[in-house]
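In: Give me a model of this one.
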Amino acid sequence: MENMTLFGLEPEPQTKKICIRSIRAIFSNEVIRENAPVWVKSTCTSAENVFELFRDLAKEAKENFVALHLDAKNRIICFDRVSIGSLSASIVHPREVYKAALLSSAAAVLFIHNHPSGDTTPSREDIEMTKRLKDAGELLGIRVLDHLIVGEEGYYSFANNGVL
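Out: Numbers count the residues shown, from 1 in each chain. Predicted coordinates for the structure are as follows:
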């Protein structure tokens, strides 16, 4: 290299390849219920309709937290199983919830999780998490329509009970 500069020749600059990760939304189909009612492809108009669609979640042995992404007419455009936890807890962070919602271009979201104990009474953590998710959604311009807790005997709707 030094000899090249003695003769007035500059060494060729070394080229570097720059690699940056890119992100793409890749969707797949997942069967959530075999014997779904006829109205399933309609809009999410009530907590009862959503419970009917996800009532089988009550049979799960671990806590599952699901986010339904909805379009501007409240039609389901995406199902996102955000977290599968333990018998009595599931880790849910707004960043993980809204990452997928933004990729699917959701106008609104609806949250559902089960209590394997069967008791649908929301815990203090459930209430705090729902408020955090609602606040984060407001910042992003994504409406939170409801959060359902599914159990053996039925469901609890945060919206119907005035918590949302």
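In: biggest helix in this protein by residues?
Out: Using DSSP state H to define each element, the chain has its longest helix at helix 124-140.
In: for the record, mean pLDDT for the helix or strand harbouring residue 78?
Out: Counting by DSSP states H and E, the element that carries residue 78 is strand 76-84. Strand 76-84 carries an average pLDDT of 89.
In: so what strands line up beside it?
Out: With DSSP bridges as the test, strand 76-84 is paired with strand 64-70 (antiparallel).
In: Return the distance of the strand it pairs with from the chain's centre.
Out: When distances are taken as Cα atoms, centre = their mean, to the nearest Å, strand 64-70 is centred 5 Å away from the chain's centroid.
In: Residues contacting that strand, please?
Out: With contacts defined as Cβ atoms under 8 Å, 6 or more residues apart in numbering, strand 64-70 is touched by 44, 50, 54, 57, 76-85, 90, 92, 97, 100-101, 104, 106-114, 145. Backbone N, C-alpha and C define where each C-beta goes, glycine included.
In: filter those residues to the buried ones?
Out: For those, a burial check counting by 16 or more other Cβ atoms under 10 Å picks out 44, 50, 54, 57, 76-80, 82-83, 85, 90, 92, 97, 100-101, 104, 106-114, 145.
In: ok, back up a step: residues in contact with the strand holding residue 78?
Out: Residues contacting strand 76-84 (Cβ under 8 Å, 6+ apart): 27, 30, 32, 44, 62-71, 90-92, 96-97, 100-101, 104-106.
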